[in-house]
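Chemist: Need a 3D model of the sequence below.
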Amino acid sequence: MKERPANPKVSYCTTVRGETYEAMLKETLPKNLALEQDNPNVEFIVVDYGGTPDIGQWIQSTFPDEIVSGKLQYVRFEAPHFEMAHSKNMAHRMASGDILCNLDCDNFLAEGHTDWLVKTLTENPRTVVTSVTATMLESIIQKLDAARIKIQRKLDPEAEPKSWLGGRVAMWKEDFIKIGGYDERYSAWCPDDVNIAMRAVETGLRPKFLPSRFHGETITHSHETRVENLSAEDREHSAALLQKNVEEIGPTWEQRFKNFGKELELRRRKPAPYANLEGNVGCGDVVNSDDVTTTIAPLIYEERGLTQEHVDQIHSQQKYRAHAERPIGIRT
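Modeler: This is a model prediction of the structure:
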């Protein structure tokens with residue numbers, strides 16, 4: 001493991017596609033930039049995944065100084081439809097920071113979030129920060145029952161057992177690259193955030209749950225907007241998953257966590273730690289604010305700090321779901 005910098009740079013990675021999410025970004029990005037304007041060790045990455053013809057022009061006209069200074073980096077990727085994991089991987093691959101944090105475009109950062117994140121990962125480098133508190137616990141502990149609160153307090157006294165914020169996952173860039181980022185088989189609306197956190201834990205990282213005081217506000221929107229930019233196949237798959245979440249899962253968060261976990265079969269074998277073994281992690285040609293094209297190339301094993309023998313040995317263990325299998329939550 002490389003020596004971690006004492007004053008690490010944090011990259012907040014955001015993806016956007018479609019008019020609905022463009023409108024959300026126009027609310028959240030100005031406030032998030034303003035919150036971190038005096039912190040030279042913070043940057044924001046925005047990947048426009050197509051379908052938002054005006055967002056690039058708006059960003060360039062609204063934040064010219066932030067673009068020039070490097071505080072904000074905007075790139076565009078032309079895609080026929082939105083793909084959850086690939087878009088996130090693109091944003092993370094474009095980041096120059098030491099610590100990478102996914103930040104959904106409907107999220108407002110909370111005061112103190114960055115300081116807490118840096119302190120946590122600096123003092124405990126072998127850590128993955130996740131906001132997916134109870135669902136994450138179900139995956140790690142293989143249990144969600146009356147003892148959940150006691151177990152969670154033992155793991156992390158700061159975590160609130162019933163708090164909920166999906167999508168916020170952070171770790172050192174070196175760890176993100178090593179595990180292969182988000183599993184790009186997850187293209188639909190699905191538990192990609194749970195999956196990457198589970199896999200990080202399987203490589204030896206300790207889960208640290210983001211306290212709810214650092215969740216920040218989130219723009220409320222319908223389930224329909226979550227799937228409107230997906231392919232027809234992914235839309236159908238995601239809509240079915242969301243509908244079950246609404247209709248079949250009980251009214252309390254306790255029931256939602258328990259039953260939704262069952263629906264996704266998170267209690268079965270764990271996903272193998274390393275994803276995208278062919279190296280395709282957020283690959284593609286992106287265009288920046290100056291119309292300069294950058295090619296995000298596949299990662300080779302050496303860049304990830306892996307060997308073929310090591311990966312084969314880990315993935316062959318019976319407790320892991322084979323990488324070639326299609327886990328629940330991925331389109332068929």
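
Chemist: helix, strand or coil for N39?
Modeler: Put simply, N39 is coil when judged by DSSP: H, G, I helix; E, B strand; the rest coil.

Chemist: and the spatially closest residue to it that is not a sequence neighbour, how many neighbours does it have?
Modeler: Closest residue in space to N39, ignoring its immediate chain neighbours: T114 at 6.4 Å, by Cβ to Cβ, 6 or more residues apart in numbering. Any C-beta I mention is one placed from the backbone N, CA and C, and that applies to glycine too. The criterion is other Cβ atoms under 10 Å. On that basis, T114 has 20 neighbouring residues.

Chemist: Doesn't T114 belong to a strand?
Modeler: No - looking at T114 with three-state DSSP, it is helix, so not inside a strand.

Chemist: for it, what are its contacts?
Modeler: If a contact means Cβ atoms under 8 Å, 6 or more residues apart in numbering, then T114 has 10, 36, 39, 42 as its contacts.

Chemist: just the buried members of these?
Modeler: The neighbour-count test (16 or more other Cβ atoms under 10 Å) marks 10, 36, 42 as buried among the contacts of T114.

Chemist: Please look at the second one and A110 and confirm they touch.
Modeler: No - applying Cβ atoms under 8 Å, one finds E36 not in contact with A110, separated by 11.5 Å.

Chemist: shared neighbours of those two, anything?
Modeler: Common neighbours of E36 and A110 (Cβ under 8 Å, 6+ apart) do not exist.

Chemist: Can you read off the pLDDT for L155?
Modeler: Residue-level confidence at L155 comes out at 50, pLDDT.

Chemist: And M90, how close does it get to M84?
Modeler: Note on M90: its distance to M84, by Cβ to Cβ, to the nearest Å, is 11 Å.

Chemist: try N32
Modeler: For N32, the distance to M84 (Cβ to Cβ) stands at 21 Å.

Chemist: Please apply the same query to D175.
Modeler: Counting by Cβ to Cβ, the gap from D175 to M84 is 20 Å.

Chemist: More neighbours: which of these two?
Modeler: Ranked by neighbour count (other Cβ under 10 Å), D175 and M84 place M84 first, with 24 against 21.

Chemist: Am I right that that one is in contact with D193?
Modeler: No - with contacts defined as Cβ under 8 Å, M84 does not count as touching D193, sitting 9.3 Å away.

Chemist: and T294, what does it touch?
Modeler: Shown in contact with T294 (Cβ under 8 Å, 6+ apart): 75, 94, 285-288.

Chemist: hmm, try it at 7 Å
Modeler: Applying Cβ atoms under 7 Å, 6 or more residues apart in numbering, we find T294 in contact with 286, 288.

Chemist: part of a strand, is it?
Modeler: Yes - assignment of T294 by three-state DSSP places it within a strand.

Chemist: How about it: which residues does it bridge to?
Modeler: V286 (DSSP bridges).

Chemist: And it, how far from I67?
Modeler: The span separating T294 from I67 equals 15 Å under the rule Cβ to Cβ.

Chemist: cool, D234 as well?
Modeler: Applying Cβ to Cβ, one obtains 32 Å for the distance of D234 from I67.

Chemist: Between those two, which is the more surrounded one?
Modeler: For the pair D234 and I67, the greater number of neighbours falls to D234 (22 against 17), based on other Cβ under 10 Å.

Chemist: and that one, what helix or strand is that in?
Modeler: Assignment of secondary structure by DSSP states H and E places D234 within helix 232-247.

Chemist: Mind checking the pLDDT average for that helix?
Modeler: With pLDDT averaged residue by residue, helix 232-247 scores 64.

Chemist: same check, this time on stretch 125-132
Modeler: On average, the pLDDT along stretch 125-132 is 87.
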